[in-house]
Structure formats: C-alpha cells, structure tokens
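generate a structure from the sequence data that follows.
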Amino acid sequence: MKLFPRPLAIAFLAVFPILFVGCKAGDVSSEAKSQSQAVSVRVSEVTGGQTEGIPLRFSGIVRATQRATLTFQVSGTLKERSVELGQRVESGDVLARVYNPALAPARDSARAKLDELTTQHRQAKREWERASRLHERGVVSEQSLEQIAARRDGLKASVATAEAALAEATQLLEESTLRAPFSGRVEALLVEPDEFVAAGQPVMRLSSPNGREVEVRVPAYLLDHVALDQELPVWPVQDRAQPPQTGSVVEIAQAGAIRGELHPVLVSVPVNTLEPGEPVEVGITPMRLSATTVPMLSVIRTAEGTGVFRIRQGIAQRVPVTVERVVGERVVVQANELIPGDQVVYAGMTRLTDGDTVEVR
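Below is the predicted model of the structure:
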C-alpha cells in the first residue's frame, strides 16, 4: 500500500472542506438566481366580449285580439238598433236592422217566378211523356217529339236560374239584419237610428274579452332583435309605478323596401291585466356583442406580428392579436384566445419573453 507523505495528506484534508462549502454556496446562489429571474410587470384586464344592450320603449294602445268592424252588405235606413254602447252580446244575437223597400219585393218576385217556371216545367214533362207514347204508335212525328223535349229541357234550366235568383234575393234580405259574429262587447256605435247606411259602411265595432294585444312600430334594424314567442315587458303609461306585464311576440312584420319605414310588431298581453284602449309602452332591448379591448401599452410588435402577453398562473404567454382601432387609451383587437377578465401585461414587457415567470405588481 502506497502512503502519501504527511505534508501532502494534510494539504488534501485542508482543501476538501473548502470544496464542500463551495458546493453549498453554489446551490444557494443558483436558487437566488432563479428567484431573481421573475420579471416584475403590471397587468390590466381584457374587457368586452359580452352582450350589451340599450333598452328602448315603444308606445302602443291595447286592443282586443278578436275584434270586428261590422257592416251591412245592403244599403238602407237604420230602422232598428238592439244594443247600446258597452253592452255584451252573444254569438248570433241581432244587433241592428236596415230597411230597404226593394229587398222584400225582389224576394217575392223571385219566388213567384220560380213557381211559374216550375209549373211550366212540370207541364212540359207531362207533354213529353204523352208525345212519347203517341210517337211509339206512329201518331207523333220524330220532329215534334224533339221540339217538346227541347222545351222541357229549356224550362228545367230556367227553373235552376230562378232558384238561384230566389236564393240571392233571400240572402240580400237576410243581410239587412246584422248579427253578432262572436260573443263580445260593443266598443263603438258609428251610426244612429234613421240614418242612411251605405253598403259596406261601418256601423259598429265589436270586441271579444278573450285576448289582449298591442301593436308597436319599430325601425327595420330592430326586427333582427325580436323573435316569435319572445317575452317583452309592457308598462302601463297611466300608472308608471305599477310593475310591467310580460307580453309575448306573436307577429313580426317583414322588412320593406321603403327607406325609413316603421314596421309593426304584435305583442299579446295576459288577459285581465290591461284594458282595451289603454296606452302602454313595450320594451325592446337590442343585443349586440361588445368589442374586445386591451390597453394600448400592452400591444407589442415583433417579427411574428402584433400580440400581447397574457398572465396565467404566474407565467407569461404571448397571444397574437389583430388591432382594429384605437378607443381612447385602449385598442379594439381581434383575438380568439382572449376572453374578458384575462390579465395582460402593459408595463415591464421589455425584459419579458414567452414562458417567463412574472411577478405582478
């Protein structure tokens, strides 16, 4: 076994503790170095991306869902009116009658003409039957038999025409009586007794209590912000302290080609809440997607293009963005990877690279 000289062994033992201590000091310095590599930055939140809307109110008048303006199909003098304003009626009830001196005689004349032609047609049938028997025995010629048959067939057609004329005259006479087409309430009386009423002239208005609706007119751009069965708030104007009723969209007009034209939107409201004729306001909130914005100072430009540094779990991640426009101290950007609430760096980016650990101040 080879032994080291004593002075050399002492020197080796003296150096070893120094090397050991040196290793410990290196570990501490490397840990301190890793801590010192955390870059101090300042961050701000990404805004936008959510839906926003400005509530708008449109005025309208509540009306009955089922309503009718009643008219006579014949002209005449209003001789009878069986109802009063506000009176409730049932379907089929007589509401009014007009007098036209030509209607009843026209019906009677049509009936008499029908009776006359019917009698002649029956007589012609009997004559044809007798002529047919005589023709078989050779007494009546073929030509005479054909003439009798032609007269019989002509009278048959005349009877059909007379029946149609009688039906028309009877219907016109029935049209002089105005009946309720459905159960409801008399909303308006437009003609007074003994006044002359022309055919088609409004006489009274009838409405049913089984439904309520309100029509509002909106600009064309709002048609994209309402849909069938969509619920909308309806406020009574006469008492604004009342909470709004909830209406439902039942009809939406199509956009037209006329510039600036307003388009009707029909909203149904619950029964027994608002009365016909009551002024209301219908609320429509156009929804839009707000722009995504970041601080102007957070946008950097590199060889890879424009981008921002997003901070997640203390790590900087570079996210590419496309700048659209400047809004004050912020810019509107397009970035699929950014969502509202993300933290982006706006100060301390000069020392920052993708993947660095950061310290937010």
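
now do the same for the closest residue to Arg63 other than its chain neighbours: its pLDDT.
Of all residues beyond its chain neighbours, the one nearest Arg63 is Pro276 (5.3 Å), with distances taken as CB to CB, 6 or more residues apart in numbering. (Glycine included, C-beta is placed from N, CA and C.) According to the model's per-residue confidence, Pro276 sits at a pLDDT of 84.

how about Glu163?
At Glu163 the predicted local confidence, pLDDT, stands at 96.

am I right that it sits in a strand?
No. When the secondary structure is assigned by DSSP: H, G, I helix; E, B strand; the rest coil, Glu163 falls in helix instead of a strand.

quick one: contacts for it?
Leu114 (CB atoms under 8 Å, 6 or more residues apart in numbering).

same check, this time on Ala64
Counted by CB under 8 Å, 6+ apart, Ala64 has contacts 184, 187, 207-209, 211-213, 276.

the same query, at a cut-off of 7 Å, please.
When contacts are counted by CB atoms under 7 Å, 6 or more residues apart in numbering, Ala64 is found next to 207-208, 211-212, 276.

which residues of the stretch 251-361 of the chain fall in strands?
Secondary structure of the stretch 251-361 of the chain (DSSP state E, counting those that start in this stretch): strands at 263-269, 279-284, 287-289, 292-295, 300-302, 305-312, 315-320, 322-327, 330-334, 343-347, 358-360.

paired strands for the fifth one, with orientation please.
Put plainly, it is strand 300-302. Partners of strand 300-302 in the sheet, by DSSP bridges, are strand 305-312 (antiparallel).

for the strand it pairs with, buried residues please.
Of the residues in strand 305-312, 307-311 count as buried by neighbour count, 16 or more other CB atoms under 10 Å.

for stretch 142-161, same thing?
With burial defined by 16+ other CB under 10 Å, the residues of stretch 142-161 counted as buried are 145, 148-149, 151-152, 155, 158-159.

do stretch 274-288 as well
Using 16+ other CB under 10 Å as the burial criterion, the residues of stretch 274-288 that qualify are 274, 276, 278, 280-282, 284, 286.

and Pro209, which of the three is it?
Looking at Pro209 with three-state DSSP, the answer is coil.

just give me the neighbour total for it.
Residues within reach of Pro209, counting by other CB atoms under 10 Å, total 16.

all strands of the stretch 1-150 of the chain, in order?
In the stretch 1-150 of the chain, the strands defined using DSSP E, counting those that start in this stretch lie at 39-45, 51-53, 56-64, 67-71, 76-81, 88-89, 94-99.

tell me the mean pLDDT over the second one?
By that I understand strand 51-53. 60.

now the last one
Predicted confidence along strand 94-99 averages 94 (mean pLDDT).

among the buried residues of stretch 142-161, which are located in helices?
Of the buried residues of stretch 142-161, the ones assigned to helices by DSSP state H are 145, 148-149, 151-152, 155, 158-159.

lowest pLDDT pick from these?
By pLDDT, Leu145 ranks lowest within these, coming in at 89.

got the contact list for that one?
By CB under 7 Å, 6+ apart, the neighbours of Leu145 are 131-132, 135.

for it, give its distance to His135.
The span separating Leu145 from His135 equals 5 Å under the rule CB to CB, to the nearest Å.

top of the contacts of Ala64 by neighbour count?
Of all these, the highest neighbour tally under other CB under 10 Å goes to Arg212, namely 25 neighbours.

can you tell me the closest non-neighbouring residue to that one?
That would be Val269: by CB to CB, 6+ apart, it lies 4.6 Å from Arg212.

coming back round to it: wait, which of the strands of the stretch 1-150 of the chain is closest to Tyr221?
Comparing the strands of the stretch 1-150 of the chain against Tyr221 with CB to CB, the closest turns out to be strand 56-64 (11.1 Å).

returning to what we had before: which member of the contacts of Leu145 is positioned nearest Ser176?
Comparing those against Ser176 with CB to CB picks out Ala131 as the nearest, at 46.6 Å.

surely that closest one meets Glu142?
No. Using CB atoms under 7 Å, Ala131 is not in contact with Glu142, being 10.4 Å away.

before we move on, back to that, show the pLDDT at the residue nearest to Arg212.
Among the per-residue scores, Val269 holds a pLDDT of 92.

okay, now Arg111: neighbour count?
Other residues near Arg111 come to 16 when the count uses other CB under 10 Å.

where does Asp342 land on pLDDT?
Per-residue pLDDT puts Asp342 at 88.

so this protein: which segments form each domain?
38-50+290-360, 56-65+208-288, 101-175 (automatic domain parsing).

if we compare these, which one ends up closest to Leu78?
Put simply, out of the domains of the chain the one that sits nearest Leu78 is domain 101-175, at 13.7 Å, with distance taken as CB to CB.

can you measure across that closest one, start residue to end residue?
Distance across domain 101-175, first residue to last, is 14 Å (CA to CA, to the nearest Å).

cool, and stretch 290-301?
In stretch 290-301, first residue to last residue: 25 Å (CA to CA).

how about stretch 214-225?
Using CA to CA, one end of stretch 214-225 lies 18 Å from the other.

over to stretch 88-108?
From start residue to end residue, stretch 88-108 stretches across 35 Å - CA to CA.

and it, what's buried?
Of the residues in stretch 88-108, those buried under the neighbour-count criterion (16+ other CB under 10 Å) are 89, 95-98, 100, 103, 106-107.
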